[in-house]
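Asker: Sequence isn't available, so here's the structure alone:
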């Protein structure tokens, strides 16, 4: 969960990605696997949270950043937020000598990497009330109904030239639901990679992955001591090389549910209307350093 995406892409994703729950036949890989299960990895009591419990989640007003003339204050949380998802209410103050833009990186909720949307311009000497929005579709895929904690960092850069002004450390915000919260994670499915503290589980195919095409839903767990980026290489379906979309940042100690998206255009070009087999390998690198990478053996899944 990882990376900033623009508002247009986030909007399209929210509209198109209703859920990452697999809906295709069970998969096998040499031996029978567990049934493909929907990624409903709820964190403890969140799985049974009522609508009223969700609405009752609160956060305390807190100064998140106060450095080098930049001040960002958390004012509250709006669980309804926008149609994209729940929103942290922020007050940003620019007491520097240059206009800047604020974005967020490395965001998570309850230990799951979750996409966020914010790109706020603040002129010199001005203030701005804005929101940091967490992806509702990502939260649904991870089974998150109650927010116990959120983590993220801010990337702040000049409006002219895009020069970095400040990259903050990770910021943790705990909600009123945090005390006594029971964190649980659903790693059911077929483990297709496990080495060096990285575990990847296939949860089956989803024909609702995105507007771009169907996907193979993956649960990724990073128990290593370094942040990683997981990508795929050498992808093919039914023996035909395939264009895909997949690149997931997973911080140390975090988890992610995302899908390898197979492009409809590639499927159509190769006359594929039914996915019978998939081959690919993983490329796992230290986040921000693709020279420090590991490539897995070829993984073959049949359906």
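Answerer: Everything's here; your move. Note that the structure is predicted; figures quoted are calculated from it, not measured. Numbering: from 1, shown residues only.

Asker: In three-state terms, label residue 139 for me.
Answerer: helix (DSSP: H, G, I helix; E, B strand; the rest coil).

Asker: Quick one: residues contacting it.
Answerer: Under the criterion of Cβ atoms under 8 Å, 6 or more residues apart in numbering, the contact partners of residue 139 comprise 85, 86, 109, 114. All C-beta atoms are positioned from the backbone trio N, CA, C, and that covers glycine.

Asker: Format the residues you listed as a markdown table; extra columns: pLDDT.
Answerer: Below are those laid out as a markdown table (pLDDT from 0 to 100):
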| residue | pLDDT |
| --- | --- |
| 85 | 95 |
| 86 | 96 |
| 109 | 98 |
| 114 | 98 |
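
Asker: List the ones among those that fall in strands.
Answerer: 85, 86, 109 (DSSP state E).

Asker: Can you tell me how far the second one is from residue 99?
Answerer: Separation of residue 86 from residue 99 (Cβ to Cβ, to the nearest Å) stands at 28 Å.

Asker: Between these two, which is the more surrounded one?
Answerer: Residue environment comparison for residue 86 versus residue 99 gives the larger neighbour count to residue 86, 23 against 15, counting by other Cβ atoms under 10 Å.

Asker: That one against residue 79, yeah?
Answerer: Yes - here residue 86 reaches residue 79: they are 4.9 Å apart, a contact under Cβ atoms under 8 Å.

Asker: Spit out the residues that contact the two alike.
Answerer: Common neighbours of residue 86 and residue 79 (Cβ under 8 Å, 6+ apart) are residue 147.

Asker: Let me know the closest of the ones in strands among the contacts of residue 139 to residue 191.
Answerer: Proximity to residue 191 was ranked across these by Cβ to Cβ; first place goes to residue 109, at 24.2 Å.

Asker: Any idea how many residues pack against that closest one?
Answerer: As a burial measure, residue 109 scores 28 neighbours (other Cβ under 10 Å).

Asker: That one touches residue 145, doesn't it?
Answerer: No - using Cβ under 8 Å, residue 109 is not in contact with residue 145; the gap is 10.7 Å.

Asker: one step back: would you mind checking which of the contacts of residue 139 is nearest to residue 164?
Answerer: The shortest distance between residue 164 and any of those, using Cβ to Cβ, involves residue 114 and amounts to 23.5 Å.

Asker: Skipping adjacent residues, who's closest to that closest one in space?
Answerer: If the residues on either side of it in the chain are set aside, residue 114 comes closest to residue 138, at 4.6 Å by Cβ to Cβ, 6 or more residues apart in numbering.

Asker: For the one you found, give me its contacts.
Answerer: For residue 138, the contacting residues are 1, 85, 112, 113, 114, 115, 257, taking Cβ under 8 Å, 6+ apart as the criterion.

Asker: farthest pair in those?
Answerer: Farthest pair in the contacts of residue 138 (Cβ to Cβ) is 85 and 257. Separation: 15.2 Å.
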